[in-house]
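Below is the structure, and that's it, no one-letter string:
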């Protein structure tokens, strides 16, 4: 259900099971925006399920600034380890320049928007 809800929006993409992804090698040619927001979750996580509508809204609100990718930690353990994801839900913001920021734990829309606004504005003014 989580995958179905998120995949209805073009800007929210799920990685296929067991695909190999190198965080440094996220193929930026496939991403037309300077930022990628990776949403780590699992199917059994209640806070992850509560964040579904929030992530859909985030993907719409920031459609011109970032791509949102949903990743199931149980299916992509290597990537989660590479990005030092220690719990779900987690959001990892990656920039083309290698900038990385994380938000760990269930967050509401205001917290996510505040975090993203700070990260995007801070890193674009440099």
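That came in fine, so what should we check first? Worth saying up front: this structure is predicted, and the values here are computed from it rather than measured. Numbering: from 1, shown residues only.

hey, which helix is longest across this protein?
When the chain is parsed with DSSP state H, its longest helix is helix 109-124.

could you pull out the strands for this protein?
12-14, 35-41, 66-72, 90-95, 100-104 (DSSP state E).

Scan the helices and strands of the protein for the one with the lowest mean pLDDT.
Lowest on mean pLDDT, DSSP states H and E among the helices and strands of the chain sits helix 2-7, with a mean of 36.

The residue nearest in space to the middle of the chain: what's it in contact with?
Nearest to the mean C-alpha position of the chain, counting by C-alpha atoms, centre = their mean, stands residue 38 at 1.9 Å. With contacts defined as C-beta atoms under 8 Å, 6 or more residues apart in numbering, residue 38 is in contact with 68, 69, 70, 71, 83, 91, 92, 93, 94. Heads up, the C-betas are built off the backbone N, CA and C, glycines and all.

Near the second one, how many other residues are there?
Translated: residue 69. Neighbour count of residue 69, defined by other C-beta atoms under 10 Å: 22.

hey, what's it bridged with?
residue 13, residue 38 (DSSP bridges).

isn't it right next to residue 36, touching?
Yes. Using C-beta atoms under 8 Å, residue 69 makes contact with residue 36 at a distance of 6.2 Å.
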